[in-house]
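In: pasting the sequence and the predicted coordinates here, then a few questions.
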Amino acid sequence: MKKIALILALVALAGCTDEEAARKALTGSGFKDVKTTGYSYFGCDKNDTFHTGFEARGPSGQFVEGVVCSGWLKGATIRFE
């Protein structure tokens with residue numbers, strides 16, 4: 001029973017990303033070669049609905065990793081690791 005609960009929890013978390021909003025926020029801020037990496041457990045506030053991890057090249061060309069935090073009826077925030 002515990003295994004089933006764990007699997008359901010992981011599936012639910014996998015759905016808590018918004019790749020389209022993350023890509024839009026990152027490309028709009030000058031990031032290139034954007035790759036989303038799925039749900040990011042850390043880095044966002046408890047009130048954020050979506051926690052989308054990413055890897056990209058910043059505007060200066062430097063490789064960066066982080067998370068785009070977003071939610072219903074609010075914008076997106078880019079946070080770096």
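Out: It's in.

In: could you pull out the strands for this protein?
Out: For the chain, the strands defined by DSSP state E cover 32-39, 50-57, 63-70, 77-80.

In: just put those strands in TSV and tack on mean pLDDT.
Out: As requested, the strands of the chain are exported to TSV (pLDDT from 0 to 100):
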stretch	mean pLDDT
strand 32-39	97
strand 50-57	97
strand 63-70	97
strand 77-80	96
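
In: tell me which of these sits nearest to T17.
Out: When these are compared by Cβ to Cβ, strand 50-57 sits nearest T17, at 4.3 Å. In short, each C-beta sits where N, CA and C put it, glycine included.

In: ok, and what's touching that closest one?
Out: Strand 50-57 is contacted from outside by 16-19, 21-22, 26, 31-41, 43-44, 63-71, using Cβ atoms under 8 Å, 6 or more residues apart in numbering.

In: hey, C-alpha coordinates of it in PDB?
Out: Extracted as PDB, the C-alpha positions of strand 50-57 are listed here (Å, rounded to 0.1, in the frame of the first residue of the first chain):
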ATOM      1  CA  PHE A  50       4.200  25.100 -10.800                       C
ATOM      2  CA  HIS A  51       7.900  24.400 -10.100                       C
ATOM      3  CA  THR A  52       9.600  23.800 -13.500                       C
ATOM      4  CA  GLY A  53      13.300  23.100 -13.400                       C
ATOM      5  CA  PHE A  54      15.500  24.200 -16.300                       C
ATOM      6  CA  GLU A  55      19.000  24.400 -17.700                       C
ATOM      7  CA  ALA A  56      19.900  27.100 -20.200                       C
ATOM      8  CA  ARG A  57      22.500  29.600 -21.500                       C
END
